[in-house]
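>>> Please find the sequence and the predicted model below.
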Amino acid sequence: MKMTEIKELETKDLVERIEDEVAKYNQTKLNHAVSPLENPSQIKAARRDIARLKTELRQRELNK
């Protein structure tokens, strides 16, 4: 997910997206612990997407 896509989201949608991504990330980590993923870099990418989303949310909070 790119920053331009993230900036287009409304704040309410951004919070929902963060919750969804965190849940998906935790599920991916659990699945990887049970049986290795074909592409373990998915975990790293998901973590970075969550960080991007949280960064945008925090910037919006500070700009209010």
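Cool, got the structure.

>>> which element is the residue nearest the centre of the chain on?
The chain has residue 50 as the residue nearest its centroid, 2.5 Å off, counting by Cα atoms, centre = their mean. Assigned by DSSP states H and E, residue 50 belongs to helix 41-63.

>>> roughly how far apart are residue 53 and residue 18?
5 Å (Cβ to Cβ, to the nearest Å). Backbone N, C-alpha and C define where each C-beta goes, glycine included.

>>> higher neighbour count, the two?
Using other Cβ atoms under 10 Å, the more surrounded residue of residue 53 and residue 18 is residue 53, with 22 against 17.

>>> In contact with that one: list those residues for me.
1, 6, 14, 17-18, 21 (Cβ atoms under 8 Å, 6 or more residues apart in numbering).

>>> can we see that at 6 Å?
17-18 (Cβ atoms under 6 Å, 6 or more residues apart in numbering).

>>> pLDDT below threshold where in this protein?
For the chain, applying pLDDT under 70 flags no range at all.

>>> mind listing what's buried in stretch 1-21?
6, 9, 14, 17-18, 21 (16 or more other Cβ atoms under 10 Å).

>>> Other residues contacting it?
With Cβ under 6 Å, 6+ apart, stretch 1-21 has contacts from 49-50, 52-53, 56-57, 60.

>>> which one of the buried residues of stretch 1-21 is nearest residue 39?
Set against residue 39, the nearest of the buried residues of stretch 1-21 by Cβ to Cβ is residue 21 (17.1 Å).

>>> what's the spacing between whichever strand or helix holds residue 33 and its chain's center?
Assigned by DSSP H and E, residue 33 belongs to helix 11-34. Relative to its parent chain, helix 11-34 has a centroid offset of 6 Å by Cα atoms, centre = their mean, to the nearest Å.
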